[in-house]
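Asker: Take this sequence and fold it.
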Amino acid sequence: MKRISIFVISLVVVSLTLALLVFAQKQTQKPSSEKIDQHTGGSGVQEIAKKKGRNLVKKLPDGVEGVTLEEGKIKLNQGYKFVKKENGKVSVDLMRGGGGAIAGDWSCECSSMGKTNDCKASISAGFLTCISGAECTACDLSVTVGKVKQAIVAY
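Answerer: Numbering: from 1, shown residues only. Coordinates of the predicted model:
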């Protein structure tokens, strides 16, 4: 009887210790309010996608395919993928059949007066948004179809 009591007490102590460790671990893992875009090369550019973008248009221009305008962000449609280009622009391509760019190049530009272009495109969880660096406080996400460029979302 004495052995069973010691075993039960030991089991309770170990269980409580593990429960306290799990609880303490969860308390220290608070989500960060700022994310660093993996495509910026660690330049310290902060994501402003947490701050909801403001739609500048009611619908996307003719010729834009593979995406929809959703709550201040550009959402990728099923069957398409975002492709980041070397010049910082983003295109939308088909996922199957060898891909191929769909009409429209997306870019982020600083809209603050007298500021350098310190805005970058951010692709995360099927959404395209803009992030700004220290030199710019406001960015516009624009699309160019043919020779016509139009601002779509302001951040």
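
Asker: Contacts for the longest strand that the chain contains, please.
Answerer: Ranked by number of residues, the top strand in the chain under DSSP state E is strand 101-110. Strand 101-110 is contacted by residues 61, 63-66, 74, 80, 83, 85, 88-94, 116-121, 128, 130-132, 135-136, 138-146 when judged by C-beta atoms under 8 Å, 6 or more residues apart in numbering. Just so you know, the C-beta spots here come from the backbone N, C-alpha and C atoms, and that holds for glycine as well.

Asker: Counting neighbours, which bits of it end up buried?
Answerer: Using 16 or more other C-beta atoms under 10 Å as the burial criterion, the residues of strand 101-110 that qualify are I102, A103, G104, D105, W106, S107, C108, E109, C110.

Asker: in its sheet, what does it sit against?
Answerer: If you go by DSSP bridges, strand 101-110 pairs up with strand 90-94 (antiparallel), strand 139-145 (antiparallel).

Asker: Just say which of these is most tucked in.
Answerer: Most buried of the strands paired with strand 101-110 by mean neighbour count (mean count of other C-beta atoms under 10 Å) is strand 139-145; its value is a mean of 22.
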